[in-house]
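Q: Structural data only, the sequence is not supplied:
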């Protein structure tokens, strides 16, 4: 299906570093990291630990995102894909200035008729007991279009989610942790011999992020199952997760860690159910106002009442709705941890403030900067990675400073029927 032309080991690169006061290790300035419009290429990436020394990286691309050409000696439809990765050991932050593993692969891929995806499995050297940051750079060489993505590679436990490989019935990898109620999945585990697999189910909805006005973030997940099932382990067992909620897959129930799969509805990360669409309006209202808005009304009535009263115009209401709920979908895509992405701290800031102008990505934190014209200082949000047995993507907003003042101004802008613009801040 594809021909690998060459592999080139890479030894050096340039990067920015954290402050001298608190070593941050490797950090990248990635201004377009959360901008879907920055590239037509949107690979899905994921990792699976296959042994104490090796981890498999999967890069999966929809073929409709690739430029296909028959201008080749064989005269058949092909794409040219370059994948470059760099793996940084973040176990000891001060010592991860050079990659522990890196390589470049160039693949000539035959695109067959009605083929929907291409998958590239790449084995990387990652040691047990270590924690890494993996940079994956994918390029469509025919279109000269590149995208950079990051993923944490955590090999400190043989029980955590990255030790499980989830596949669809057709064998293609399932690289997101959110699942469809209508699909069939298979689950593979190789890190130690096991004869049983435990599936715990919890249907409690998780709380939304607390605003920057609040002194503390929303509570993190404490998994309290409503049901537990035990299965004889077989990698060919078919699983369906039909009910909405959280599913924790484990090989040992005396441990907290496991593979967390989330059923947030058939269309997630998009959402078209009015009962769900009304919920993010909580970011723009006080608790009392939201209760008053939704009390005794259908979700559709509550939504219509809010957006029409905010704008006073059906056309303007449609525009605000389009922007607000497009951001909701993007937040779900980028920031889902054990909650829908819009419920997270990063999702909340993304929905209200929009795309940051700068994103400084580190192994343990992200810094978002919103640049204002004619202002020396940018509006900055720092999100710190917090340990969780269920996800590597749990980030919490560092609160304080001028955030409450700017948050009120941003919310007021939306409530006046205007999409908030960072240059509107006083």
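A: Good, I have the coordinates. Bear in mind that the values here come from a model prediction, so they are computed numbers and not experimental data.

Q: what about the chain, any weak spots by pLDDT?
A: Residues of the chain meeting the criterion pLDDT under 70: 1-25, 93-97, 376, 426.

Q: show me the contacts for residue 374.
A: For residue 374, the set of contacting residues under the criterion of Cβ atoms under 8 Å, 6 or more residues apart in numbering is empty. Using the backbone N, CA and C atoms, a C-beta is placed for each residue, glycine as well.

Q: oh sorry, the question was meant for residue 187
A: For residue 187, the contact set (Cβ under 8 Å, 6+ apart) comprises 164-166, 197, 235, 237, 239, 249, 259.

Q: Including secondary structure and neighbour count, could the residues you listed go into a markdown table?
A: Shown next, in a markdown table, are those (DSSP: H, G, I helix; E, B strand; the rest coil; neighbours: other Cβ atoms under 10 Å):
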| residue | secondary structure | neighbour count |
| --- | --- | --- |
| 164 | strand | 22 |
| 165 | strand | 21 |
| 166 | strand | 21 |
| 197 | strand | 22 |
| 235 | coil | 12 |
| 237 | coil | 13 |
| 239 | strand | 18 |
| 249 | strand | 20 |
| 259 | strand | 23 |
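
Q: Let me know the closest of these to residue 219.
A: Nearest to residue 219 among these, counting by Cβ to Cβ, is residue 259 at 21.9 Å.

Q: is it true that the closest one touches residue 249?
A: Yes - applying Cβ atoms under 8 Å as the test, residue 259 and residue 249 come out as touching, 4.0 Å apart.

Q: Quick check: neighbours shared by these two?
A: Residues touching both residue 259 and residue 249 (Cβ under 8 Å, 6+ apart) are 164, 187.

Q: which residues of this protein fall in helices?
A: Taking DSSP state H as the test, the helices found in the chain are 274-277, 287-294, 299-311, 314-335, 345-353, 403-415.

Q: which residue sits closest to the residue most central in space within the chain, ignoring its sequence neighbours?
A: Central residue check for the chain by Cα atoms, centre = their mean: the C-alpha nearest the mean position is that of residue 334, 3.5 Å away. Nearest residue to residue 334, sequence neighbours excluded (Cβ to Cβ, 6 or more residues apart in numbering): residue 34, at 5.3 Å.

Q: again, but for residue 151
A: Distances taken as Cβ to Cβ, 6+ apart put residue 134 closest to residue 151, at 5.0 Å, once the chain neighbours are dropped.

Q: circling back: just give me the closest of the contacts of residue 187 to residue 105.
A: Of all those, the one with the least separation from residue 105 (Cβ to Cβ) is residue 165, at 20.5 Å.

Q: Contact partners for that closest one?
A: 48, 56, 173, 187-190.

Q: on that earlier part again, present the contacts of residue 187 as a markdown table; the columns should include distance to residue 180.
A: Output for these, formatted as a markdown table (distance: Cβ to Cβ, whole Å):
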| residue | distance to residue 180 |
| --- | --- |
| 164 | 18 |
| 165 | 18 |
| 166 | 12 |
| 197 | 20 |
| 235 | 20 |
| 237 | 18 |
| 239 | 12 |
| 249 | 16 |
| 259 | 16 |
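
Q: coming back round to it: next, format the helices of the chain as CSV and append distance to residue 215.
A: Putting those into CSV (distance: least, Cβ to Cβ, whole Å) gives the following:
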stretch, distance to residue 215
helix 274-277, 28
helix 287-294, 16
helix 299-311, 27
helix 314-335, 22
helix 345-353, 14
helix 403-415, 10
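
Q: wait, which of the ones you listed is closest to residue 112?
A: helix 314-335 (27.6 Å).

Q: now for that closest one, which elements pack on it?
A: helix 299-311, helix 345-353 (3 or more Cβ pairs under 8 Å, 6 or more residues apart in numbering; DSSP states H and E).

Q: Next, the angle helix 299-311 makes with it.
A: In this structure, helix 314-335 runs at an angle of 110 degrees to helix 299-311, with axes from the mean of the first three to the mean of the last three Cα atoms, to 10 degrees as the basis.

Q: Give me the contact list for helix 314-335.
A: By Cβ under 8 Å, 6+ apart, helix 314-335 touches 34, 36, 264, 268-271, 277, 280, 307-308, 310-311, 340-342, 344, 346-347, 350-351, 354, 393, 395, 414, 417, 419.
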